[in-house]
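*Asks:* Quick one, structure for this:
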Amino acid sequence: MFTTNNNKEKLGKLDPTLLRPGRMDMHVHMSYLTMDGFKQLVSNYLGIDGDHQLLEVIAGLLENKKVTPAEIAEEL
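*Replies:* I've put the predicted structure just below:
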């Protein structure tokens, strides 16, 4: 397994031997955190399921700021 910050269009910047068949069998796009993803993280890390008084506030924050799931998981 390996990761890169390059998107598919920029994969040409990688060494061609990494891109040949059998090296990368699966490409998984990791997007920015959504509210559903946030709820899953909060459930996993804090055991909070269902409604919470701050979820509406956090939903507004996620609309205005792009963060990765890893950034939030680190804080939790």
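
*Asks:* low-scoring stretches of this protein, by residue?
*Replies:* 1-12 (pLDDT under 70).

*Asks:* Show me where it has its helices.
*Replies:* 16-19, 35-46, 55-64, 69-75 (DSSP state H).

*Asks:* For residue 28, find the nearest of the ones you listed.
*Replies:* helix 69-75 (12.7 Å; Cβ to Cβ). C-beta: built from backbone N, CA, C; applies to glycine.

*Asks:* Tell me which residues of that closest one come out buried.
*Replies:* Neighbour counts over helix 69-75 (16 or more other Cβ atoms under 10 Å) mark 69, 72 as buried.

*Asks:* Is it possible to get CSV of the helices of the chain that adds distance to residue 27?
*Replies:* Listed next are these as CSV, based on distance: least, Cβ to Cβ, whole Å:
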stretch, distance to residue 27
helix 16-19, 11
helix 35-46, 19
helix 55-64, 25
helix 69-75, 18
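
*Asks:* Looking at the ones you listed, which one is packed in the most?
*Replies:* helix 35-46 (a mean of 14; mean count of other Cβ atoms under 10 Å).

*Asks:* From the rest of the structure, what touches that helix?
*Replies:* With contacts defined as Cβ atoms under 8 Å, 6 or more residues apart in numbering, helix 35-46 is touched by 33, 48-49, 52, 55, 58-59, 62, 69, 72-73, 76.
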